[in-house]
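K.L.:
Give me coordinates for this.
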Amino acid sequence: MNHELEIPTFFFTHFLNVFLSASVPDIINYTTKDYNAHSINYDCIQDTSGVIYIANAYCVLEYDGQTFRKIPLVAGKSAVSLAKDSHGKIYIGSSSDFGCLTKDSQEKTVYSSLKHLMPTKKEINEIFKTIWYDNAIYFASNIGIFRYQNNTIESVKGFTDSTLIDAFQLVNGELLYWENAKGLGKIKGLESHIFHSDTKTRSVTSIEFINNHYTLFGKFGIKMLQKPNHEYTTPKNLDLSNVSTTLKLNDHEFLIGTTNAGIFLMDSNGNLKRNFNTSHGLKDNFVRNLFQDNSGNIWIAYNNGIGLLKWGSPLQYITHSQKFDGMGYAGLVYENNLYIGTSTGLYMMSNWKEELEQIGNFTKVEGIPDGTINYLTIANGQLIICQSAETYTLKNQKAQRISDGAWYGSWLWKTANYYNKNEGFVGTYEGVERYLYNNNQWNHKGHIKGFMESSRSMEIDQRGIIWAIQGNKGLYRVELNNERDSAISVINYAEKKGFEPDDFNDIFYLNNILYIATFKGVYQLNNDTLVRDHSFDGIFRFAKRIRKYDSKHIYGIYNDKAYLFKKENNKWNLIPSSITHSRSSLIGSAEFFYTISPEYHLMGTQEGFVLYQASKESTFTNTQCLIRNLELLGDERDSILYYNKPKQAIDLPYANNNLRFTFSIPEFGITNQIIFQTQLLRNNNKQDNWQNVKEVNFREYTNLKEGEYTFTVRAKKGDTILGAERYAFNVLPPWYRTTAFKMIYLIALIAGIFIVRARFKKQANKLKAEKERELQIKEKLHKAEKLEIELKNKENEMAYMALSYTQKKDMLSSLENKLDALSKELEHSERTKLNSLKRTISSSIDDESNWENFQVHFDQKNDNFFQKLNSLDGKLNESYLLFCSYVKMGKSNKEIADLLHISVAAVEKRKYRLKKKWNLDNDTSFTHFLRTL
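P.N.:
Residues are numbered from 1 along each chain as shown. As a prediction, this is how the structure comes out:
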């Protein structure tokens, strides 16, 4: 009886499966320039927060989706193996050491060695595998296995000094190991035993349990343990491939890493379904380890770098490694063959159902010269090929030209329900060509006369009217004659309907409605009228051209990217989709989309083609943002306070009120799809003031006022909000705004109020006194003015009296003199009468009473001036007394001279004589002296 298990080479049973196998998932590679450590990496693990840890030859690398951090080990040792316990703690096996990762006072991840817990000084060699099993951590080296539990390190029993352990793995709930020259063993607690003896098989690197059989992997390839005689076999593809590691994806699929051939996908029947290597995007064919994270991504520990295979990605890539050249312009499935049109020609992947072995290659279709394949379609069961110069069909897997060879070019092929399906129309550089189908072949019937505009974008409506867009001239309505060989009406809507020549950019059918896309909006074609469809109005930030996705979805094309829209409530809404973030851009103005099935969609790009599977779009509902750094911003340099989110709220001095928060989200390979939003609330302010963070993963805040703050960061992928992270902290007030100083300020304020009040009161009293003083001064001034007026009046009165007295005396003296002269001429009797009159006048002149009355009135008005003058000089005659009174009244020298009938010089002489007589100083003014007397 033969117990050898035959492992056949895998073959495809359905063309979709072949198609999937003929494409490559998105692969992201990280080099030493990205993570700044050694090129060699040994292992990967993910903690409970989603952060990835990589065992590197220089350190442990910590990657949060944004930034790599290095965690050094003791004496610069290499990290070789990693494991995580049920609490999320990461354990590390190193070269002659083992330990775990902990947090220091700044929440920085650091390595803590556990080697000091070893009961003896026994050498442990390199810990090539670390496993969490049965509430304990097991560290495996080539010479022994150690268990860490309850802060104690113990050696697993059953190993000797000659032991050489090749493999150590948790398989189907069992902790297994392969001991060289002994066989397959099992560990339970601290006991080990060999349950399958094998003295020949060496260099085992991995153990799996496949279809109820223990399966060994190593430099020899694959061997499956077969009962009862334990014989093995190896798939032919792995005969020369050194298996370095394996990863169980599910009960039916396994990934196999090799040292020289990259990664294989094997099913549970031993069939090798796919092979990923450097030709398909891997950085290195030497794969040391594989790890699947929480999102289904495969992490690759290369011998030279780190890789991320987006295993669950909705996007798969058909690349030039599959033996075709050029950019992707067209494609379809025809007779179970995949045809793709590129900028260099037409390629085919034939016999998909029989495609065997690994990722399939394309072959170039003969019969077509090099040039861009603009369009592929099937008409009457034949493949139509629109090439940059001519139109072709396919016969016996070889292209055959059906155009006339005039090199008018061939943009696209259209048929119309209005006409017979045996009639086709091709848009060319110079109008439209017509084809008829008969005798099982398409025949060229020439150009449609009367229309010679380039027709790159073209459709035919339900009435058989051709609508063509010439990008620089407008939208043309072309109505054909009954023979359909000539245009009987050509109308340019840019000239007749109020549009600009370059407004039109696309024309397409959706649910049997013909739409015209312009830069002003999207219009439905209603007979010959363009009617604005406002359901499209919101998409033009993401769409300059539009393509059909299915009956409920459309592609919007903008800046060589595709955006997916769905119609809801009579409005087209953007749907987050991975197609927008394809690593390869669309071909501008020649974007290509093709639906293979309701689930699979093909898209042409500048690097080939992309296969999109919408069902694999992830919602990322459980992913939490992480606060990774809390830094103080300084004038000269910044300083890190914490390397992760602090466990408790901290109080920051006011001088440290300039902060930077660095954050991330552990979703890998989609950085360009993530937008961070932050919010900072002060004193429980409830405002929803989310701010987008563009192109960076940090937010800085400066000059924060004192208060209680809550910082929140969240991420968005499209309209999906991912888990938010919050951190509360306090900014203390400056010393001059502390509570103690506020009390001092209050006391000072109260004291100041009293002081100010007293000061105001004093100032008020002072102002009152000043006002009273001003009133008194005003009153005095008023009195002085009044007195001055009275004095002036007195002086005027005295002057008048003196003048009257003088004038009277002068008049009487003059009259007396005239009478004397007259008496000499008269007779005696008449003279006697005249003498009597003279005596009366002389009596009046000599009457002392007039002078005395003047003196009395003058003294009354001038403070007894004459009495004081007589006291000063009693010998003054009437003339001198009258002279002094004039001086007292302030008369000028000329006025006095006129009044006394003397000269001005005589006035001066009188003043001089009296000044000398009265012994007045030279400096004393005679006038001032008398006026003050």
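K.L.:
pretty sure Leu586 contacts Gln606?
P.N.:
Yes - checked against CB atoms under 8 Å, the pair Leu586 and Gln606 is within contact range at 7.3 Å. Any C-beta I mention is one placed from the backbone N, CA and C, and that applies to glycine too.
K.L.:
Identify the residues contacting Asp85.
P.N.:
Residues in contact with Asp85 (CB atoms under 8 Å, 6 or more residues apart in numbering) are Tyr91, Trp132, Ile137.
K.L.:
Helix, strand, or coil at the second one?
P.N.:
In other words, Trp132. Classification of Trp132 by DSSP: H, G, I helix; E, B strand; the rest coil places it in strand.
K.L.:
got the contact list for it?
P.N.:
Ala83, Lys84, Asp85, Ser86, Tyr91, Tyr138.
K.L.:
swap the cut-off to 10 Å and go again
P.N.:
Residues in contact with Trp132 (CB atoms under 10 Å, 6 or more residues apart in numbering) are Ile45, Ala83, Lys84, Asp85, Ser86, His87, Lys89, Tyr91, Tyr138, Tyr148, Leu170.
K.L.:
From those, list the buried ones, please.
P.N.:
Buried subset of the contacts of Trp132 (neighbour count, 16 or more other CB atoms under 10 Å): Ile45, Ala83, Lys84, Tyr91, Tyr138, Tyr148, Leu170.
K.L.:
for the chain, what's the longest strand?
P.N.:
In the chain, assigned by DSSP state E, the strand with the most residues is strand 707-717.
K.L.:
Just checking: what are the partner strands of it?
P.N.:
strand 674-682 (antiparallel), strand 720-721 (antiparallel), strand 725-731 (antiparallel) (DSSP bridges).
K.L.:
Now for Leu564, how many residues are close by?
P.N.:
23 (other CB atoms under 10 Å).
K.L.:
Oops, could you answer that again for Ile777 instead?
P.N.:
Residues near Ile777, counting by other CB under 10 Å: 11.
K.L.:
what's the answer for Asp863, then?
P.N.:
By other CB under 10 Å, neighbour count at Asp863 equals 9.
K.L.:
Backbone dihedrals for it, please?
P.N.:
The phi/psi pair for Asp863 (degrees, to the nearest 10) reads phi 60, psi 50.
K.L.:
ok, it to Leu626 distance?
P.N.:
108 Å (CB to CB, to the nearest Å).
K.L.:
just to revisit the earlier point, turn the contacts of Trp132 into TSV, including distance to Met224 and secondary structure.
P.N.:
Shown next, in TSV, are the contacts of Trp132 (distance: CB to CB, whole Å; DSSP: H, G, I helix; E, B strand; the rest coil):
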residue	distance to Met224	secondary structure
Ile45	28	strand
Ala83	27	strand
Lys84	30	strand
Asp85	32	coil
Ser86	32	coil
His87	37	coil
Lys89	36	coil
Tyr91	31	strand
Tyr138	26	strand
Tyr148	33	strand
Leu170	19	strand
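K.L.:
Please enumerate the strands of the stretch 651-800 of the chain.
P.N.:
651-652, 659-664, 674-682, 691-693, 698-701, 707-717, 720-721, 725-731 (DSSP state E, counting those that start in this stretch).
K.L.:
Leu412: neighbouring residues, count only.
P.N.:
Leu412, neighbours per other CB under 10 Å, totals 21.
K.L.:
List the single closest residue to it in space, sequence neighbours excluded.
P.N.:
With CB to CB, 6 or more residues apart in numbering as the criterion, Leu412 has its nearest non-adjacent residue at 4.3 Å, and that residue is Tyr375.
K.L.:
Quickly list what the nearest residue to Tyr594 once chain neighbours are set aside is bridged to.
P.N.:
Counting by CB to CB, 6+ apart, Leu602 is the residue found nearest to Tyr594 once chain neighbours are left out, at 4.4 Å. Beta-bridge pairing for Leu602 (DSSP bridges): Tyr594, Leu611.
K.L.:
confidence score at Leu602?
P.N.:
Note for Leu602: predicted pLDDT of 91.
K.L.:
Surely it touches Gly328?
P.N.:
Yes - the pair Leu602 and Gly328 qualifies as a contact (CB atoms under 10 Å) at a distance of 8.4 Å.
K.L.:
and the most centrally placed residue in the chain, what does it touch?
P.N.:
The chain has Lys694 as the residue nearest its centroid, 2.6 Å off, counting by CA atoms, centre = their mean. Counting by CB under 10 Å, 6+ apart, Lys694 touches Ile675, Phe676.
K.L.:
per-residue confidence for it?
P.N.:
Looking at Lys694, its pLDDT is 84.
K.L.:
Show me what Thr377 bridges to in the sheet.
P.N.:
Counting by DSSP bridges, Thr377 is bridged to Ile384.
K.L.:
ok, so what distance separates it from Lys768?
P.N.:
107 Å.
K.L.:
Looking at these two, which is more packed in?
P.N.:
Counted by other CB under 10 Å, Thr377 and Lys768 do not tie: Thr377 has more neighbours, with 17 against 10.
K.L.:
thinking again about what came up before, burial of the residue nearest to Tyr594, as a residue count?
P.N.:
Leu602, neighbours per other CB under 10 Å, totals 23.
K.L.:
wait, doesn't Gln297 sit right on Phe291?
P.N.:
Not quite, residue 297 is Asn, not Gln. Yes - if you go by CB under 10 Å, Asn297 and Phe291 touch, sitting 9.1 Å apart.
K.L.:
what sits against the nearest residue to Lys888 once chain neighbours are set aside?
P.N.:
Leaving out its chain neighbours, the residue that sits closest to Lys888 by CB to CB, 6+ apart is Leu930, at 5.1 Å. The neighbours of Leu930, taking CB under 10 Å, 6+ apart as the test, are 865, 868-869, 872, 883-890, 911, 914.
K.L.:
Thank you, goodbye.
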